[in-house]
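Colleague: Predicted model, plus sequence, below.
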Amino acid sequence: MGDNTEVFRGIRKVPGISYPVLTPNLKGFESALEAGAEEVAVFGAASDAFSLKNVNCTAAEAIERFRPVLKAAQKHGGIRVRGYVSTVVGCPYEGAISPLAVVKVVEALHKMGCYEISLGDTIGVGTPGSMRRMLDEVVKAVPPENLAVHCHDTYGQALSNILVSLDYGIRVVDASVSGLGGCPYARGASGNAATEDVIYMLHGLGLETGVQLEKLIGVGRYICSQLGRPSESKVNRTWKGATTS
């Protein structure tokens, strides 16, 4: 990769690419700092039941754990902190989630200093209707430029929900190459929206992403071949021009 890269715990860093580290508490932050992280992430939930299963504390208790992380990040040269909120429209234990419950967590993360908060439909039950109801309230509390969406595709609604978020001025979308991943707390929950499909849609809307779709498809095919599993991306399955080289 040339001389403009540096090694970060085995990862050869490329200029212009962010390498955030998930840090649920101060101990995690200190370990990330020691490893050379320049950006970290904290993750909460709009559902108490989900939070208890995931990190063994309520949503409010999780917020309190984040405060020392944000303070430490500011103390150590202003390390950027991204916030995540899980189950923003539905929870496998509580069912439908009130938009005001989401606002409470998002607003707290924003006030603590998270530069961006990702809104996660963790189990992929959201629809354009439930996304709109949630975003109607959230954008009253936090500007769209400080928000991102993280849509799982369990019911095939991820692209539709992302499209809705664009109407609200949100321009950051979390995605996973070939839709890899999932949620261990929800039976049948698939991975995040496939990056290939998201990029194809955004390019079709005339939006500039800086991503070369054909090379991305090649990456997805290579990873899936190594894992011995098919790609979850419809674009990847259909595309004829990409190779795994």
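Modeller: Cool, got the structure.
Colleague: L119 belongs to a strand?
Modeller: Yes: under DSSP: H, G, I helix; E, B strand; the rest coil, L119 sits within a strand.
Colleague: How about it: what's its closest non-neighbour residue?
Modeller: Of all residues not flanking L119 in the chain, V88 sits nearest, at 4.7 Å (CB to CB, 6 or more residues apart in numbering). The C-beta positions use only the backbone N, C-alpha and C, and glycine is treated the same way.
Colleague: What is the longest helix anywhere in the chain packed up against?
Modeller: Assignment by DSSP state H gives helix 59-75 as the longest helix of the chain. Judged by 3 or more CB pairs under 8 Å, 6 or more residues apart in numbering; DSSP states H and E, the packing partners of helix 59-75 are helix 26-34, strand 39-45, helix 48-55, strand 80-86, helix 99-112.
Colleague: circling back to that earlier point, distance of the residue nearest to L119 relative to Y115?
Modeller: Distance from V88 to Y115, counting by CB to CB, to the nearest Å: 19 Å.
Colleague: mind showing which ranges of the chain have poor pLDDT?
Modeller: Applying pLDDT under 70 to the chain flags residues 1-10, 183-189, 241-245.
Colleague: thinking again about what came up before, so V88 and Y115 - more neighbours on which side?
Modeller: Per other CB atoms under 10 Å, whichever of V88 and Y115 has more neighbours is V88, with 31 against 13.
Colleague: wait, is the more buried one part of a helix?
Modeller: No: V88 sits outside any helix when classified using three-state DSSP, being coil.
Colleague: from memory it sits against I123, does it?
Modeller: No: counting by CB atoms under 8 Å, V88 does not reach I123; the two are 10.5 Å apart.
Colleague: need the contact list for G44.
Modeller: For G44, the contact set (CB atoms under 8 Å, 6 or more residues apart in numbering) comprises 51, 59, 62-63, 66, 83-86, 105, 109.
Colleague: try 10 Å this time
Modeller: Applying CB atoms under 10 Å, 6 or more residues apart in numbering to G44 gives the contacts 24, 50-51, 54-55, 57-63, 65-66, 83-87, 104-106, 108-109, 117, 120.
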